[in-house]
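below are the sequence and a predicted model for it; my questions follow.
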Amino acid sequence: MTQSPSLRNQPEYQLEAQRARARGSLVRTAAVWSPLFVAALGTFLYFTTGQFFDFGQGWFLVGVLGTVTFLLGFQSVGALRDLTRGTSEVSGQVTRRWARRDSLVIKSHYVRIDRGQIIRLDGIFHADVEQGDHVKIVFYPSSMMAVTVEMLEPPEESPEPAKT
């Protein structure tokens, strides 16, 4: 009796699962931050209008609401742009890799590619990538979140011409 290979071990399946996981993360980000952004924007506009028609609560509140609205909008609009625009690709040498805790709970992993681009990786990718590796990363440009990481062979050094 022969055993059929598991779909989970197939490279095509793994690649599609990575894409689905990255897109799902963007959808969650948009679903969480977009309603909060719309509510904050409405509140900000209400209190700003109130300042001009003498029923407002003061400019300090408008300033705080403006800051909160900007921060929520940054997350929301970035995720929505990535969902509509698609992915980009970069190839190069990893010049630095690190991990840090965002919001005291979530551990995020990052790499810097030789052109200065900083890309956020999934923990699975981060374990495979070392400083000095040559990689090709497909990522979402607004959130700089990696979709796939492919290891490349280092470029061959061109021999220097002999001096006469």
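Yep, it's here.

nearest residue to the middle of this structure?
Met145 (2.5 Å; CA atoms, centre = their mean).

from Phe60, how far off is it?
Noted for Met145: a distance of 35 Å to Phe60, by CB to CB, to the nearest Å. No exception for glycine: its C-beta is placed from N, CA and C like everyone else's.

next one: Thr69
15 Å.

so which of these two has more stuff around it?
Between Thr69 and Phe60, counted using other CB atoms under 10 Å, the more crowded position is Thr69 (20 against 8).

the more buried one: which element?
helix 59-85 (DSSP states H and E).

Lys136 too?
With DSSP H and E as criterion, Lys136 is part of strand 134-140.

name every strand pairing with that strand and say which way it goes.
Strand 134-140 pairs in its sheet with strand 88-102 (antiparallel), strand 145-152 (antiparallel), by DSSP bridges.

which parts of the first one are buried?
Neighbour-count burial for strand 88-102, with 16 or more other CB atoms under 10 Å as criterion, is recorded at 90, 92-94, 97.

who does the following helix or strand past that strand touch, helix- and strand-wise?
As assigned by DSSP H and E, the chain's next helix or strand after strand 88-102 is strand 106-113. Packing contacts for strand 106-113, counted by 3 or more CB pairs under 8 Å, 6 or more residues apart in numbering; DSSP states H and E, involve strand 88-102, strand 118-121, helix 123-128, strand 134-140.

list the pairing partners of strand 106-113 within its sheet, with orientation.
Strand 106-113 has these strand partners (DSSP bridges): strand 88-102 (antiparallel), strand 118-121 (antiparallel).
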